[in-house]
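>>> Sequence first, predicted model second:
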Number of protein chains: 2
Amino acid sequence: MLFDPTTLTYNDAGLIPAIAQDATTGEVLMMAWMNAQAVEQTLATGKVTYWSRSRQEFWIKGATSGHTQELVDFRVDCDRDCLLVTVNQTGAACHTGRRTCFYTQVEDGKELEIMAPMRDI
Amino acid sequence: MLFDPTTLTYNDAGLIPAIAQDATTGEVLMMAWMNAQAVEQTLATGKVTYWSRSRQEFWIKGATSGHTQELVDFRVDCDRDCLLVTVNQTGAACHTGRRTCFYTQVEDGKELEIMAPMRDI
């Protein structure tokens, strides 16, 4: 079946959540948002492209930081309202310089940062 | 630092997206939503609990299907607006009977179902 980005289910702001997973390690790196055009661009270019809600503009991941995400695999979920992109991640996925955004662990009622920023950034 | 679920960033509906990842395989299983009480219950009980947007009620994953998610690890992202729960998944995570909700692959402009429902459901 031909894939049509307009058949996905977007929220009221026209966005769909996209989870990025490291193709090598399986680590979940981040979650950000795409609109239909960002979905199209991601598939057309192979460079994962989000929609920045804060800046209200396309966000080609790594365009300024160099921490690009090269698309390996693109999945749609059962309800067509969430995406999973498997990527080759260069450097840190997180704007804090950490490999993943999910560096805060909650255990026994406490939260703990379990990951330091990468050195090469 | 003590963890307080009210310090997370929820959307206008009071919800935060939660990504469930298989503790054994690293597979991303699903994405659903939690409110502050669902976060509390998940941590208190060790049974992953979402908020069902369609039914407007707590959704203890597997309570009716038996396809439970036992919490292994709970993470908060850098912006405190997304959660990652690592789980021991019993059976299918997806309501379609598939192990994961992300069974539709998009490649070369086409979409393809790459996974069959599990037999034991």
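Looks like it came in fine. Note that the coordinates shown come from a computational prediction; the quantities given were computed from them, not determined experimentally.

>>> how close does the residue of chain A found nearest chain B sit to B:His67?
Going by Cβ to the nearest Cβ, chain B is nearest to A:Gly26 of chain A, at 3.2 Å. The way it works is simple: take the backbone N, C-alpha and C, and place the C-beta from them, glycine included. In this view, A:Gly26 and B:His67 are 21 Å apart by Cβ to Cβ, to the nearest Å.

>>> which one of these two has more residues nearby?
Remark: of A:Gly26 and B:His67, B:His67 carries more neighbours, 19 against 14, as counted by other Cβ atoms under 10 Å in any protein chain shown.

>>> any idea how far A:Val39 is from the residue lying closest to the more buried one once chain neighbours are set aside?
Spatially, and ignoring its direct neighbours in sequence, B:His67 is nearest to B:Gly91 (4.1 Å; Cβ to Cβ, 6 or more residues apart in numbering or on different chains). Here the criterion is Cβ to Cβ. By it, B:Gly91 lies 31 Å from A:Val39.

>>> So between the two, which is more surrounded?
Using other Cβ under 10 Å as the criterion, B:Gly91 and A:Val39 rank with A:Val39 on top: 26 against 15.

>>> Make sure the more buried one is indeed in a helix.
Yes. Under DSSP: H, G, I helix; E, B strand; the rest coil, A:Val39 falls within a helix.

>>> A:Pro5 is in contact with that one, correct?
Yes. A:Val39 is in contact with A:Pro5 according to Cβ atoms under 8 Å; the separation is 4.2 Å.

>>> what is the residue nearest to the spatial centre of chain A paired to in the beta sheet?
Geometric centre of chain A, nearest residue: A:Ala20, 3.9 Å, by Cα atoms, centre = their mean. Legend: beta-bridge partners of A:Ala20 under DSSP bridges are A:Met30, A:Val85.

>>> wait, what's in contact with it?
For A:Ala20, the contacting residues are A:28-32, A:48, A:61, A:69, A:85-87, A:89, A:93, by Cβ atoms under 8 Å, 6 or more residues apart in numbering or on different chains.

>>> got it, and A:Val87?
A:20-23, A:29, A:48, A:69-72.

>>> tell me which parts of chain A are close to chain B?
For chain A, the residues in contact with chain B (Cβ under 8 Å from any Cβ of the partner chain) are A:1-3, A:17, A:19, A:21, A:25-28, A:30-31, A:43, A:73-79, A:82, A:84, A:94-96, A:98, A:101-107, A:109-112.

>>> residues near the residue lying closest to A:Thr6 once chain neighbours are set aside, how many?
Leaving aside its chain neighbours, A:Thr6 sits nearest to A:Ala36 (5.6 Å; criterion: Cβ to Cβ, 6+ apart). By other Cβ under 10 Å, the residues close to A:Ala36 number 17.

>>> any low-confidence regions in chain A?
Along chain A, the parts satisfying pLDDT under 70 run over A:120-121.

>>> Just the strands from it, written as ranges.
Using DSSP state E, the strands of chain A run over residues A:16-22, A:28-34, A:49-52, A:57-60, A:69-76, A:83-89, A:104-107, A:110-113.

>>> The residue of chain A positioned farthest from its centre and A:Pro5, how far apart?
The centre of chain A is farthest from one residue, A:Asp108, which by Cα atoms, centre = their mean lies 28.9 Å away. Distance, A:Asp108 to A:Pro5, by Cβ to Cβ: 43 Å.
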